[in-house]
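Student: Predicted coordinates and the sequence they were generated for:
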Amino acid sequence: MNKDNSLLRLNRRKSLAAMTATAGGLLLPRAAAASSSQPLIQGNAEHVISIWLGGGMGQIDTFDPKRRGDPVAKKAGSYYSAIDTAVPEVQVCEHLKQLAPLMDRVTAVRTVNHEVIDEHAAATNRMHTGRAVTGTVLYPSLGSIVANQRGAADDGAPPYVLIGYPNVTRGPGFLGANSGYLYLTDTSQGPAGLSRPADITEQRQSRREQFLANIGGDVNTLADSRLRDYENVIQQSLKLSGPDFNRAFQLSQEPDALRNRYGGEFGQRCLLSRRLVERGVRFIEVSHNLNFLNGAGWDVHYEGIINQHELIRELDTAVSALIVDLEEKRLLDKTLIVITTEFGRPPEFDSAGGRGHQGRAFSCVLAGGGLKHCGAYGETDELAKHIVSDPVSVPDFFATICAAVGIDYGKYLYDGDRPVPVTDNGNPIAKLFA
């Protein structure tokens, strides 16, 4: 009996040990499990130009065209006709005629999706941080992640520049001020605060810097890491305020023919992004939120859709010019162009002929970056409403971008002691690296 009890206790201990080991395996970070079975995918891109189309670009009217619809008859479908591209069997909207012959350098990822979010701010946060809003963690944006992991490509440049209006969704979150952005809203003026006023002489500026140094002390002795971050940002600002870096914003140095090829203010933002890449900036976000031609931007509810084609043409002009310009300067393989938006649009028309919101299937675009482009990836149904094959979650899309610029998409960052997966456990689109 005692022997039986001993065996029973031994078997129990073995069972508990096995259960504990199994549970521990389930709790291991996905990155650790993946590293043993799947090789890390890494590209060779050095820079990211991320173009943000605020309001919600309709995939069915741009990069995933389907049959023609009729807003008057309330027949669901595309607002425009489709045209062929450089890639067989891949079509785009008729107003993307300059991008069409360049689609062999482009992949329209047609199956990006997130849970249905019918609100712009929440969806904007999702498409910048890759996560839902939470009350416990302030997540960093993709731009801040790239800045944090790769830093600037040149000591005389910031790692992250935002050409558009600042917003917390673009910010560094728990990564701190060192991973934040420098921003500007007007390409004719450059970043506010970096240009020294005319009445501030070199001698006066030197005295100010000496005063800051005296009250700041040694940055490395500061106990609070947040204070060290802010001190480092101040030092970087002083370094960038000179004429050397500010020359990057002098678009007048570019040939008139090239500036005209890019088009209006949005195009000039794209041109500036190329100049910032040359200067050593790692991540640039270009917001398409100025000079909207239809009164509503990409938020095409109701009558906002009537002149949507002018907005699409502006995108077509600027992005095609950017691709060709980068290619001519042998920078396209080193620079990943990304086009994102908060969600897509359903094929049905609303009461005034516009479209609502759709998060279950929409398109984001990748170009250049040394990827093996295929024109389009993933398939939606006959009305671009549901995913048929190759779904790409937002974490998967972020992992693809991270992999392209050599960031370990499976690693963990830390908010204090709390581990946070860098892409929320996303997996890259392997086909683009084959």
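Tutor: Perfect, thanks for sending it. Here the structure is a predicted model, which is why all the values come from computation and not from measurement.
Student: What mean pLDDT does stretch 285-300 get?
Tutor: For stretch 285-300, mean pLDDT rounds to 84.
Student: Could you list the buried residues of it?
Tutor: Using 16 or more other Cβ atoms under 10 Å as the test for burial, stretch 285-300 gives 285-290, 292-294, 296-300. Placement of C-beta: from N, CA and C, glycine included.
Student: And for stretch 253-263?
Tutor: Using 16+ other Cβ under 10 Å as the test for burial, stretch 253-263 gives E254, R259, R261, Y262, G263.
Student: which residues touch that stretch?
Tutor: 247, 251, 267-268, 270-271, 275, 314, 317-318, 321-322, 325 (Cβ atoms under 8 Å, 6 or more residues apart in numbering).
Student: Next, format the buried residues of stretch 253-263 as JSON lines and append distance to T185 and secondary structure.
Tutor: Output for the buried residues of stretch 253-263, formatted as JSON lines (distance: Cβ to Cβ, whole Å; DSSP: H, G, I helix; E, B strand; the rest coil):
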{"residue": "E254", "distance to T185": "20", "secondary structure": "coil"}
{"residue": "R259", "distance to T185": "19", "secondary structure": "helix"}
{"residue": "R261", "distance to T185": "23", "secondary structure": "helix"}
{"residue": "Y262", "distance to T185": "18", "secondary structure": "helix"}
{"residue": "G263", "distance to T185": "18", "secondary structure": "coil"}
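Student: between those residues, which is nearest L366?
Tutor: Y262 (20.3 Å; Cβ to Cβ).
Student: Could you work out the end-to-end span of stretch 171-179 for me?
Tutor: Using Cα to Cα, to the nearest Å, the end-to-end distance of stretch 171-179 comes to 8 Å.
Student: How far does stretch 95-112 sit from its chain's centre?
Tutor: The chain centroid and the centroid of stretch 95-112 are separated by 17 Å under Cα atoms, centre = their mean, to the nearest Å.
Student: How about stretch 352-367?
Tutor: Distance, centroid of stretch 352-367 to centroid of chain: 16 Å (Cα atoms, centre = their mean).
Student: in it, what's buried?
Tutor: Buried residues in stretch 352-367, counted by 16+ other Cβ under 10 Å: 353-355, 357-367.
Student: So for it, mean pLDDT?
Tutor: For stretch 352-367, the mean pLDDT works out to 95.
Student: I'd like to check which residues are in contact with the residue nearest to the spatial centre of the chain.
Tutor: Nearest to the mean C-alpha position of the chain, counting by Cα atoms, centre = their mean, stands S50 at 4.9 Å. By Cβ under 8 Å, 6+ apart, S50 lies in contact with L142, G143, F283, I284, E285, V286, V338, I339, T340.
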